[in-house]
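Asker: Pasting the sequence and the predicted model now:
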Amino acid sequence: MDSIIADNLRTEQTISSRIDLFFHQHSISKLLKKSNFYKDSGVPCVEIMKTLFTLAFTEKNLYRTLETSPDRITFRKNTAYRFLNSVSYNWSKLLSLLAAYVVDGLNKATSKDRVNVLIIDDSFYDRNRSKKVELLARVFDHSTHKFVKGFKMLTLGWSDGNTFIPAAFSLLSSAKESNVFQPAQSGIDKRTTAYKRRRSAISKATEVIFELLDSAKGLPAKYVLFDSWYGLPVTIYGIWKKGYDVICMVKDSSKIHYCLNEKWVDIKKLHSIVSETAEKNGKILGSITVSIRESKGNPDLLPVKLVFVENRQSDGFLTVLSTDTELSDEEILTVYGKRWDIEVFFKMCKSYLSLAKEFQGRSYDMMTAHTTIVFMRYIMLALEARNASDHRTVGGFFYDICDEVKDIRFAEALVLILDLLARTLTTYPVISEEMAAMIINTVFTGLPAIWKQKLQLSA
């Protein structure tokens, strides 16, 4: 029993130290102030934030922590709930500032040739057992293909193919008033961030996408990736006008048309044309360059490349669109493959970081605050995983010193081995001292050049 307690204590101490280091290295206290987090008196915002941030790693919620270990928390439940329900705190700005800070550090440690992308996708935010939650609505869950109560968590994140960093999100309710069970709070000042959050919640997802892109405009990325749910010409064209290239899946719909030789045709017609002319390359059925337009009233056309791929789940095909027509078919699919990072992110948040489970508040502000805290936890874990596999993110100076120490130790070990060999040879009476020296010189001459350099350095 004593050993188990000691192990648990060491684990808690390790977690606490890593969280303290994360808050210190990324200046969370300063980011909170820039995001309008302040209190006139009482417990500082950063202390409340750190306590709530730590809960998921202790496998206890706030209530259980206060019941079992009240001495570990310097505030009560009401303080935490006032913090989460505040209408003035700008949670979206806090997340975007942290993401920009982290991405800047990661980008410096990677090659300039690496392709950075922004990924947009949504996931179901479950509140199916709730009744009086603000802006609770009937939304469509893609996994179950049913309408359920909750929110559509539209998320934008940055990825370099190795690390995914969430940068912005919006918990979407429904643009139809008939689908909303509880209206938004009345009397909220329209100048506050709380009002802007609620306004976005009842907007269309295709409109909120542009708001998320604006909030993440400082992140270095060339492509924007998303699934076929948002693969509409108006969305693709709008993102392209913001300076990004788009790579996305598009629907096999008879209502969406593409311009080929001054004729507007649908995906099935284009697929049949490609099938007759192009040669199959593995799972790639072929590709074709066509044009899209923002709307029927806009005569400007945007050239795009469509790549047709086998659908492993059916006998049909999948279509991937790219506004960068210079990319090869393989390059388009490779870049689009980075979109999977956001699916892993959703799984981690729901299964391990207590998304939509830790606090059961009724206000829209609390749900936004809780989601931001969960995303920040994921950022810390993503950095921990990155640091464990890529030493460049820790600091080049530290590893240069480590490499130098290793070189010296290695050279010293070689010197000891050669010295031992020399002393061993001299113990044999049939071998003279000159013969032993000649053998040592012969062995030294046969060593690799880098070993010789280290031995000369240690000498």
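Answerer: Nice, I can see it. Numbers count the residues shown, from 1 in each chain.

Asker: how about the strands of this protein, start to end?
Answerer: Read by DSSP state E, the chain holds these strands, from start to end of the chain: 117-126, 137-141, 146-159, 164-172, 223-226, 245-250, 258-260, 263-265, 284-293, 301-310, 317-322.

Asker: was I right about residue 66 contacting residue 74?
Answerer: No: at 11.3 Å, residue 66 and residue 74 do not qualify as touching, with contact defined as Cβ atoms under 8 Å. (C-beta placed from N, C-alpha, C; glycine too.)

Asker: what stretches of the protein score poorly on pLDDT?
Answerer: For the chain, residues meeting the criterion pLDDT under 70 lie at 1-12, 390-418, 420, 423-431, 447-459.

Asker: show me where the stretch 301-450 of the chain has helices.
Answerer: Counting by DSSP state H, counting those that start in this stretch, the stretch 301-450 of the chain has helices at residues 329-336, 340-351, 364-389, 396-426, 433-445, 449-458.

Asker: Mean neighbour count for the strands of the chain - can I get that in CSV?
Answerer: What follows is these, written out as CSV (neighbours: other Cβ atoms under 10 Å):
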stretch, mean neighbour count
strand 117-126, 22
strand 137-141, 18
strand 146-159, 21
strand 164-172, 25
strand 223-226, 25
strand 245-250, 23
strand 258-260, 18
strand 263-265, 13
strand 284-293, 19
strand 301-310, 20
strand 317-322, 22
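
Asker: closest one to residue 179 among these?
Answerer: In terms of Cβ to Cβ, the element of these nearest to residue 179 is strand 137-141, at 4.5 Å.

Asker: mind checking how far the closest one is from the chain centre?
Answerer: On the basis of Cα atoms, centre = their mean, to the nearest Å, strand 137-141 is displaced by 25 Å from the centre of the chain it belongs to.

Asker: Check stretch 345-356 too.
Answerer: Using Cα atoms, centre = their mean, we find the averaged C-alpha position of stretch 345-356 to lie 13 Å away from the chain's own average C-alpha position.

Asker: List the buried residues of that stretch.
Answerer: When neighbours are counted by 16 or more other Cβ atoms under 10 Å, the buried residues of stretch 345-356 are found to be 345, 346, 348, 349, 350, 353, 354, 355, 356.

Asker: Could you report the distance from residue 334 to residue 340?
Answerer: As defined by Cβ to Cβ, to the nearest Å, residue 334 lies at a distance of 12 Å from residue 340.

Asker: Neighbour count: residue 66 and residue 74, which is higher?
Answerer: More neighbours surround residue 66 than the other of residue 66 and residue 74, with 16 against 13 (other Cβ atoms under 10 Å).

Asker: got a list of what that one touches?
Answerer: 73, 76, 77 (Cβ atoms under 8 Å, 6 or more residues apart in numbering).

Asker: which one of those residues has the most neighbours?
Answerer: Neighbour count (other Cβ under 10 Å) singles out residue 73 as the most crowded of the contacts of residue 66, with 20 neighbours.

Asker: mind listing what the residue lying closest to that residue once chain neighbours are set aside touches?
Answerer: Leaving aside its sequence neighbours, residue 73 sits nearest to residue 51 (Cβ to Cβ, 6 or more residues apart in numbering; 5.8 Å). Contact criterion Cβ under 8 Å, 6+ apart gives 73, 74, 75, 80 as the residues in contact with residue 51.

Asker: for residue 188, same thing?
Answerer: Taking Cβ under 8 Å, 6+ apart, we find residue 188 in contact with 87, 194, 195, 198.

Asker: so which of those residues comes closest to residue 184?
Answerer: Once Cβ to Cβ is applied, the member of the contacts of residue 188 that ends up nearest residue 184 is residue 198, at 4.5 Å.

Asker: and the closest one, how far is that from residue 210?
Answerer: From residue 198 across to residue 210, the span is 18 Å (Cβ to Cβ).

Asker: okay, the buried residues of stretch 345-356 in CSV with distance to residue 108 next?
Answerer: Putting the buried residues of stretch 345-356 into CSV (distance: Cβ to Cβ, whole Å) gives the following:
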residue, distance to residue 108
345, 23
346, 28
348, 25
349, 27
350, 32
353, 27
354, 32
355, 30
356, 34
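
Asker: And those residues, which is closest to residue 101?
Answerer: Distances from these to residue 101 were compared by Cβ to Cβ; the smallest belongs to residue 345, at 18.5 Å.

Asker: Can you name the residues that contact residue 119?
Answerer: Counting by Cβ under 8 Å, 6+ apart, the residues that residue 119 touches are 156, 157, 158, 159, 164, 224, 225, 226, 338, 339, 341, 342.

Asker: Give me the neighbour count for the residue lying closest to residue 217 once chain neighbours are set aside.
Answerer: On the basis of Cβ to Cβ, 6+ apart, the spatially nearest residue to residue 217 that is not a chain neighbour turns out to be residue 242, at 7.9 Å. Using other Cβ under 10 Å, residue 242 has 11 neighbouring residues.

Asker: What of residue 368?
Answerer: One way to gauge burial is a neighbour count; for residue 368, by other Cβ under 10 Å, it gives 23.

Asker: Can you tell me how far it is from residue 44?
Answerer: When distances are taken as Cβ to Cβ, residue 368 and residue 44 turn out to be 21 Å apart.

Asker: cool, residue 258 as well?
Answerer: Distance from residue 258 to residue 44, counting by Cβ to Cβ: 56 Å.

Asker: can you check residue 306 too?
Answerer: To residue 44, residue 306 is 54 Å away according to Cβ to Cβ.

Asker: How about the contacts made by residue 286?
Answerer: Residues in contact with residue 286 (Cβ under 8 Å, 6+ apart) are 274, 275, 277, 278, 279, 280, 307, 308.
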